[in-house]
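Peer 1: Based on what follows, work out the 3D shape:
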Amino acid sequence: MAIRILTDSAADLPQDILDDNGIDVASLHVYCDDQDFLDGKTIQPLQMLQEMRQGKVFKTSQVDPASFLEYFEQYAKRGDSCIYIGFSSGLSATYQSALLAETEIQQRYPEFKLDTVDTKCASLGQGLVAYKAAQLLKAGKSFSEIVSAAQFYAQHMEHIFTVDDLEYLYRGGRISRASAVMGGILNIKPVLHIESGKLVPLEKIRGKNKVMRRMVELMGERGVNLAEQTIGISHGDDLASALKLQEMISKTYGCQDFIINSIGCTIGAHAGPGTLAIFFLNA
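Peer 2: Below you'll find the model as predicted:
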């Protein structure tokens, strides 16, 4: 019997951090050409992003409640207590499936302790919430203390990101075809963020270097005690730009603790290759 921290593959945490902190991951689904894949298991992010560059179109589908029920049941049978750190309900129906499964599993196993947290976050924003929960568990904090801290982190997590090609946002229904075409012609790079769990455009900037500088500026405008935080940086198969962003952030704000990882298949199917994102707390 133990407390377990669970999340899903939209959290985009590196495997070594998952392993070192005992965070268990439910793989979400992506599909292409009528083929269904499990994010991080039957298809790897870099493979998918490379295929997207070659013109393949990947889409996502939610995990059905029955799959979450099966996922939770393994812990219920062992008598574990679980905290599920979920993908934003504003971006996916995945959390709703987990919620339905929670109701069913607790009818089957009344003693099973499960709390599902709708982070309203995505990628390493969600990942940092799960990482904090796992650190608190290692520090010996109680179930309720961990849930409260996870909720606080989720409420105060900033997401600032850009995409390299607006075509992928068009395919996901986030922008119009005209905006995607014109943006490509003019080398427009959007700055976006997450607001109330949903993707919201912030600014439009010409050129990658300028958009990266603006992202770093926005950190200073929104962040609190940045040098003391763990900063998340995710990228769409563009490690060089992620490392450049890390250097800019470190020089500007004195940050030393970073988690850098490629976006997973779930996020990558919508954002596409070349995506860059930073995650930090505003409180």
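
Peer 1: Three-state assignment for residue 84, please.
Peer 2: Local secondary structure at residue 84 is given as strand here, using DSSP: H, G, I helix; E, B strand; the rest coil.

Peer 1: May I have the residues that are in contact with it?
Peer 2: By CB atoms under 8 Å, 6 or more residues apart in numbering, the contact set of residue 84 is 6, 7, 72, 98, 102, 114, 115, 116, 117. C-beta here means a position set from N, CA and C on the backbone, and glycine is covered the same way.

Peer 1: Nearest to residue 85 among those?
Peer 2: residue 7 (4.4 Å; CB to CB).

Peer 1: what's the burial count for the closest one?
Peer 2: Around residue 7 sit 27 other residues, with neighbours defined as other CB atoms under 10 Å.

Peer 1: Check the gap between it and residue 86 for me.
Peer 2: From residue 7 over to residue 86 the distance is 7 Å, taken as CB to CB, to the nearest Å.

Peer 1: can you list residues touching both of those two?
Peer 2: Common neighbours of residue 7 and residue 86 (criterion: CB under 8 Å, 6+ apart): residue 126.

Peer 1: And the helices in the stretch 51-200 of the chain?
Peer 2: According to DSSP state H, counting those that start in this stretch, the stretch 51-200 of the chain carries its helices in the segments 65-78, 94-108, 123-138, 143-155, 167-171, 177-186.

Peer 1: what's the most buried one of these?
Peer 2: The highest average neighbour count among the helices of the stretch 51-200 of the chain, using mean count of other CB atoms under 10 Å, belongs to helix 123-138 at a mean of 25.

Peer 1: what's the angle between that one and helix 143-155?
Peer 2: Here helix 123-138 runs at an angle of 160 degrees relative to helix 143-155 (axes from the mean of the first three to the mean of the last three CA atoms, to 10 degrees).

Peer 1: Now do the same contact list for residue 162.
Peer 2: Contact partners of residue 162, counting by CB under 8 Å, 6+ apart, are 189, 190, 191, 192, 211, 212, 215, 275, 276, 277.

Peer 1: Which of the helices of the stretch 51-200 of the chain sits closest to residue 52?
Peer 2: Of all those, helix 167-171 sits nearest to residue 52, with 7.6 Å by CB to CB.

Peer 1: coming back round to it: list just the nearest of the contacts of residue 162 to residue 138.
Peer 2: residue 277 (26.4 Å).

Peer 1: so what's that closest one closest to, chain neighbours aside?
Peer 2: Residue nearest to residue 277 in three dimensions, not counting chain neighbours: residue 161, with 3.3 Å by CB to CB, 6 or more residues apart in numbering.

Peer 1: Quick check, central residue of this structure?
Peer 2: Taking CA atoms, centre = their mean as the criterion, residue 123 is the residue nearest the geometric centre of the chain, at 1.4 Å.

Peer 1: Residue 277 bridge partners, please.
Peer 2: According to DSSP bridges, residue 161, residue 234 are recorded as the beta-bridge partners of residue 277.

Peer 1: let's have the chain start at 8 instead
Peer 2: From this message on, residue numbering opens at 8, which makes the last subject residue 284.

Peer 1: Residue 165 is in contact with that one, correct?
Peer 2: No. Residue 284 is not in contact with residue 165 according to CB atoms under 8 Å; the separation is 10.3 Å.

Peer 1: Check which helices and strands the strand or helix carrying residue 24 is in contact with.
Peer 2: Using DSSP states H and E, residue 24 sits within helix 22-28. Contact analysis of helix 22-28 by 3 or more CB pairs under 8 Å, 6 or more residues apart in numbering; DSSP states H and E lists strand 30-33, helix 130-145 as its packing neighbours.

Peer 1: By neighbour count, which bits of that helix are buried? Give me those.
Peer 2: By neighbour count, and taking 16 or more other CB atoms under 10 Å as the criterion, the buried residues in helix 22-28 are 24, 25, 28.

Peer 1: wait, isn't the first one in contact with residue 14?
Peer 2: No. In this structure, residue 24 sits apart from residue 14 without contact. The criterion is CB under 8 Å, and the distance is 11.2 Å.

Peer 1: between these two, what contacts are shared?
Peer 2: In the contact map built from CB under 8 Å, 6+ apart, the residues linked to both residue 24 and residue 14 are residue 30.

Peer 1: still on that earlier bit, let me have the helices of the stretch 58-207 of the chain in TSV, extended by mean pLDDT and distance to residue 66.
Peer 2: TSV is the format used below for these (pLDDT from 0 to 100; distance: least, CB to CB, whole Å):
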stretch	mean pLDDT	distance to residue 66
helix 72-85	95	18
helix 101-115	94	14
helix 130-145	98	18
helix 150-162	98	26
helix 174-178	65	8
helix 184-193	44	17
